[in-house]
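Student: This is a predicted model, with the sequence first.
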Amino acid sequence: MNVTELMTELVLQLGVILFAVRVCGRLVKRIGIPPVLGELLAGVIIGPYALGSIAFPGFDHGLFPLPEGNTLAVSPELYGFATVASIILLFASGLETDIALFLRYSLAGGLIGIGGVVVAFISGNIVGMALLHASFIDPRCLFLGVLSTATSVGITARILSDQKKMDSPEGVTILAAAVFDDVLGIIMLAVVLGIVALLTSNSSGSLDVSSILLIAGKAFGIWLGFTALGLIFAKHIAGFLKMFKTSYDFSILALGIALILAGVFEKQGLAMIIGAYIAGLSLSKTDIAALIQERIHGLYEFFVPLFFAVMGMMVNVRELASVQVLLFGAIYTLMAIVAKLIGCGVSALALGFNAKGALRIGTGMVPRGEVALIIAGIGLSSGILDSQLFGVIILMTFITTIVAPPLLNIFLKLPGTGTRKPAKSNDTAIAIWDFFSDEIADLVIDTLLKQLRAEGFYVQMMNINEGLSQARKGDISLSITEEENTVSITTDKEDMPFVKTAMYEVILALGDSIQKLKETANPAEMKKELAQMVEGRTPDDKLLSHIEPDCITTDLKGNDKDAIITELVDLLAARGKLNNRDDVLRDVFERERSMSTGMEHGIALPHGKSDGVDELRVVIGIKKGGIDFGSLDGEPSRLFIMVVAPRKTSGPHVQFLASISAILRVQATRQELLKAATAEEVVELLRGK
């Protein structure tokens with residue numbers, strides 16, 4: 001197969017994968033399962049061990065055939081995409097890690113994180129020893145140990161948020177321990193890879209204790225050295241990146257640093273993901289960290305689901321269904337759950353939690369996810385894990401991620417506190433603000449988090465895809481959630497006055513900024529300039545096709561602005577053009593209150609963006625006598641053209657307004673429109689047909 005054929009096959013594969021992961025992700029989300037498992041399942045379904053090997057015209061061996069002479073079930077090109085995806089994923093995880101939080105909660109988070117990692121590693125290794133009849137330092141057993149340590153805290157964070165428990169003692173402790181869990185897991189992987197490398201080069205296949213300690217020290221030293229250098233020179237690195245001026249440029253170059261560091265670590269016998277994580281961790285406390293996260297989000301959304309799909313493709317469904325794999329998987333999964341319950345739970349008991357609190361914390365640390373799959377992929381590609389062991393790990397990841405959420409929900413609903421001593425308060429309160437716009441909500445959240453950091457709070461972004469943040473200072477803990485245009489903050493009732501004061505200050509500051517912007521700009525003058533600019537514009541026939549006769553009236557009844565707008569919206573509703581009439585009416589009124597849409601020469605163009613429509617809608621009305629609409633020239637408005645566009649879509653409503661304005665600049669056209677007796681005449685005049 002030549003290069004062109006290889007690339008053709010690759011782009012077709014990528015296109016199919018993108019659709020598969022989106023569809024499966026949405027389907028499983030509807031039944032309460034994390035989308036990441038849907039993406040993994042999509043890979044299993046379309047992979048070479050299932051539908052991917054079915055032949056059809058042009059593809060004699062299927063779209064995803066098993067490569068000949070390759071240890072992996074996917075092509076090297078497709079696996080290359082998955083490798084880049086794993087680097088982006090760990091780079092983003094590093095960016096989200098709060099070093100200040102790591103140090104601030106080093107005692108509680110450290111003990112629980114260490115407890116969970118150590119017990120899980122030893123338990124996973126012992127299961128491998130028993131079932132594989134191998135030694136403790138057998139590479140397979142070492143990998144099974146490391147794989148059982150990883151925790152996917154994003155899933156737990158969502159549950160805690162839904163149950164209003166993110167600011168509880170258990171919630172705060174789980175999130176702090178998860179920071180340690182990530183760091184310790186990366187260190188453990190570095191150590192294990194060092195041991196595996198030496199075992200591979202050692203013909204005897206055995207190591208003494210001193211050799212193991214030497215390898216562990218070297219691996220830990222490399223990790224610690226690069227991390228320390230990164231943190232020490234973080235501001236200098238950020239300054240260097242900002243020399244490239246635009247945020248898109250320096251964000252992409254920050255990812256470039258992650259790729260370079262990933263390659264350096266791989267050359268040193270360590271995993272690429274370790275270098276990527278350190279790159280993100282180094283930049284996490286700089287002033288450009290949040291901007292980098294935002295700018296690489298598109299790449300994240302493209303690459304990361306591809307990674308999960310490729311991992312799913314490498315699952316041999318036939319072997320996964322075998323009794324041997326299912327039995328091994330059941331034992332390994334049970335161990336993985338119990339190890340976290342014991343390792344994290346016992347540590348929690350030592351830190352002042354009661355049995356109920358320890359159970360909640362242990363359960364919160366159970367879900368496995370992204371990091372476990374990445375490590376499994378490393379083991380499979382290096383030949384340490386075979387397809388059967390890989391299937392065991394996939395099984396463990398599936399089950400722990402599915403069973404943990406309902407169990408944690410049950411334990412969180414148990415009455416009573418989770419601490420032996422009374423916590424600050426058992427009562428939480430929630431405050432909700434609706435800002436009517438995603439953009440305004442984003443601006444409020446960004447400003448609030450900056451203000452909290454300035455106040456000395458430790459702010460933790462839970463996940464690049466989650467609208468969840470946690471802010472802590474002393475015994476004050478805030479759970480901040482953004483869902484579309486709504487912002488909610490959950491905290492102790494005693495701290496709610498602080499929350500409302502902080503939000504009031506944010507809104508006041510933003511209001512002042514907007515007021516200054518209004519004072520600087522002259523909207524009325526700008527509107528006049530825009531009206532003049534469209535004079536020579538050529539109308540867009542495709543846009544004008546949105547004008548329909550059944551959404552035109554030549555005899556408006558209203559005698560004031562509110563009545564005219566309501567009458568036009570009601571006409572759209574009567575023609576079945578709206579999903580929600582009240583939403584559209586509210587949103588058009590909201591836009592009109594900000595500045596009148598009355599133009600010159602008797603024209604008014606009321607418009608707005610709303611969730612009440614799913615596509616661009618146009619309605620036209622004529623009031624021959626005219627009404628006061630707050631026009632630029634002070635003349636009564638007679639011709640009204642209302643445009644409503646979906647809020648979530650960057651629809652062509654602005655282009656439509658420009659096109660219709662260009663037509664209405666012609667005096668003869670305006671006069672003919674006012675004389676029109678039927679809707680069809682109006683359409684003919686505006687479309688020029």
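Tutor: Great, that's in hand.
Student: roughly how far is stretch 114-123 from the heart of the chain?
Tutor: 29 Å (CA atoms, centre = their mean, to the nearest Å).
Student: tell me the contacts of residue 618?
Tutor: Residues in contact with residue 618, defined by CB atoms under 8 Å, 6 or more residues apart in numbering, are 546-548, 551, 641-644, 656. Yep, even glycine has a C-beta here, placed from its N, CA and C like the rest.
Student: Recalculate using a threshold of 6 Å.
Tutor: Residue 618 is in contact with 546-547, 643, counting by CB atoms under 6 Å, 6 or more residues apart in numbering.
Student: now do residue 192
Tutor: 142, 146.
Student: Can you tell me which of the contacts of residue 618 has the most neighbours?
Tutor: residue 643 (24 neighbours; other CB atoms under 10 Å).
Student: Just the element for it, please.
Tutor: strand 637-646 (DSSP states H and E).
Student: Over to residue 477?
Tutor: Remark: residue 477 resides in strand 476-483, with elements defined by DSSP H and E.
Student: hmm, back to that, for the record, mean pLDDT for the strand holding residue 643?
Tutor: Mean pLDDT, strand 637-646: 90.
Student: One more: stretch 565-585?
Tutor: pLDDT averaged over stretch 565-585 gives 92.
Student: circling back: need the contacts of residue 618 in TSV (columns: distance to residue 290).
Tutor: Shown next, in TSV, are these (distance: CB to CB, whole Å):
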residue	distance to residue 290
546	39
547	44
643	35
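Student: Check those against residue 362 and report the nearest one.
Tutor: Proximity of those to residue 362 (CB to CB) peaks at residue 643, which lies at 56.0 Å.
Student: which non-adjacent residue is nearest that closest one?
Tutor: Spatial nearest neighbour of residue 643, chain neighbours left out: residue 607 (4.2 Å); criterion: CB to CB, 6 or more residues apart in numbering.
Student: Mind listing what's buried along stretch 125-134?
Tutor: Neighbour-count burial for stretch 125-134, counted by 16 or more other CB atoms under 10 Å, picks out 125-129, 131, 134.
Student: now do stretch 240-251
Tutor: So stretch 240-251, judged by 16+ other CB under 10 Å, has buried residues 241, 250-251.
Student: Show me what that stretch is in contact with.
Tutor: Residues contacting stretch 240-251 (CB under 6 Å, 6+ apart): 253-254, 291-292, 295-296.
Student: Now render the buried residues of stretch 240-251 as TSV, adding secondary structure and pLDDT.
Tutor: Formatted as TSV, these follow (DSSP: H, G, I helix; E, B strand; the rest coil; pLDDT from 0 to 100):
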residue	secondary structure	pLDDT
241	helix	89
250	helix	87
251	helix	89
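Student: Which one of those is nearest to residue 15?
Tutor: Nearest to residue 15 out of these is residue 251 (CB to CB; 26.0 Å).
Student: Now do the closest one against residue 472, distance only.
Tutor: Distance from residue 251 to residue 472, counting by CB to CB, to the nearest Å: 28 Å.
Student: So, low pLDDT: which residues of the stretch 501-650 of the chain?
Tutor: In the predicted model, the stretch 501-650 of the chain carries pLDDT under 70 at residues 518-543, 648-650.
Student: same check, this time on the stretch 201-350 of the chain
Tutor: 202-209.
Student: And the helices in it?
Tutor: Using DSSP state H, counting those that start in this stretch, the helices of the stretch 201-350 of the chain run over 209-232, 234-242, 247-267, 272-283, 289-295, 297-313, 317-320, 323-350.
Student: which residues sit against stretch 562-582?
Tutor: Here stretch 562-582 makes contact (CB under 6 Å, 6+ apart) with 550-551, 556, 558, 584-585, 588, 606, 612-613, 617, 619, 621, 640, 642.
Student: Out of those, list just those in strands.
Tutor: With DSSP state E as the criterion, strands contain 617, 619, 621, 640, 642 from among the contacts of stretch 562-582.
Student: nearest to residue 389, of those?
Tutor: Relative to residue 389, and with distances defined as CB to CB, the nearest of those is residue 617, at 56.9 Å.
Student: quick check, distance from stretch 363-370 to the centre of its chain.
Tutor: 18 Å.
Student: quick one: buried residues of that stretch?
Tutor: 363-370.
Student: I'd like those residues as TSV, with distance to residue 569 and pLDDT appended.
Tutor: As requested, the buried residues of stretch 363-370 are arranged in TSV below (distance: CB to CB, whole Å; pLDDT from 0 to 100):
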residue	distance to residue 569	pLDDT
363	50	89
364	48	86
365	52	88
366	51	88
367	47	85
368	51	80
369	46	71
370	47	74
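Student: nearest residue to residue 79 other than its sequence neighbours?
Tutor: residue 72 (5.7 Å).
Student: May I have the secondary structure class of that neighbour?
Tutor: When classified by DSSP: H, G, I helix; E, B strand; the rest coil, residue 72 comes out as coil.
Student: burial count for it?
Tutor: Other residues within reach of residue 72, judged by other CB under 10 Å, total 19.
Student: Give me the buried entries from the contacts of stretch 240-251.
Tutor: Neighbour counting by 16+ other CB under 10 Å classes 254, 292, 295-296 among the contacts of stretch 240-251 as buried.
Student: tell me the contacts of the residue lying closest to residue 265 once chain neighbours are set aside?
Tutor: Counting by CB to CB, 6+ apart, residue 265 lies nearest to residue 275, which is 3.5 Å off, once chain neighbours are set aside. Neighbouring residues of residue 275 by CB under 6 Å, 6+ apart: 261-262, 264-265.
Student: and the gap between residue 275 and residue 266?
Tutor: Computed as CB to CB, the residue 275 to residue 266 distance reads 7 Å.
Student: likewise residue 400?
Tutor: In this view, residue 400 and residue 266 are 28 Å apart by CB to CB.
Student: same question, residue 550
Tutor: 64 Å.
Student: Looking at those two, which has the bigger crowd around it?
Tutor: Using other CB under 10 Å, the more surrounded residue of residue 550 and residue 266 is residue 266, with 17 against 13.
Student: so the more buried one touches residue 273, yeah?
Tutor: No: counting by CB atoms under 6 Å, residue 266 stays clear of residue 273, with 9.5 Å between them.
Student: returning to what we had before: for the strand holding residue 643, packing partners?
Tutor: When contacts are defined as 3 or more CB pairs under 6 Å, 6 or more residues apart in numbering; DSSP states H and E, strand 637-646 packs onto strand 603-604, strand 607-610, strand 617-627, helix 653-664.
Student: what are the C-alpha coordinates of that strand, in PDB please?
Tutor: Extracted in PDB, the C-alpha atoms of strand 637-646 (Å, rounded to 0.1, in the frame of the first residue of the first chain):
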ATOM      1  CA  SER A 637     -41.300  54.000  12.500                       C
ATOM      2  CA  ARG A 638     -43.600  52.300   9.900                       C
ATOM      3  CA  LEU A 639     -41.700  49.300   8.600                       C
ATOM      4  CA  PHE A 640     -40.700  46.600  11.200                       C
ATOM      5  CA  ILE A 641     -38.400  43.700  10.400                       C
ATOM      6  CA  MET A 642     -37.700  41.400  13.300                       C
ATOM      7  CA  VAL A 643     -34.900  38.800  13.200                       C
ATOM      8  CA  VAL A 644     -34.400  36.100  15.900                       C
ATOM      9  CA  ALA A 645     -31.400  33.700  15.800                       C
ATOM     10  CA  PRO A 646     -30.500  30.800  18.000                       C
END
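Student: What pairs with that strand, parallel or antiparallel?
Tutor: strand 603-604 (parallel), strand 607-610 (parallel), strand 617-627 (antiparallel) (DSSP bridges).
Student: still on that earlier bit, would you mind giving the buried residues of stretch 240-251 as TSV with distance to residue 5 added?
Tutor: Listed next are those as TSV, based on distance: CB to CB, whole Å:
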residue	distance to residue 5
241	39
250	38
251	35
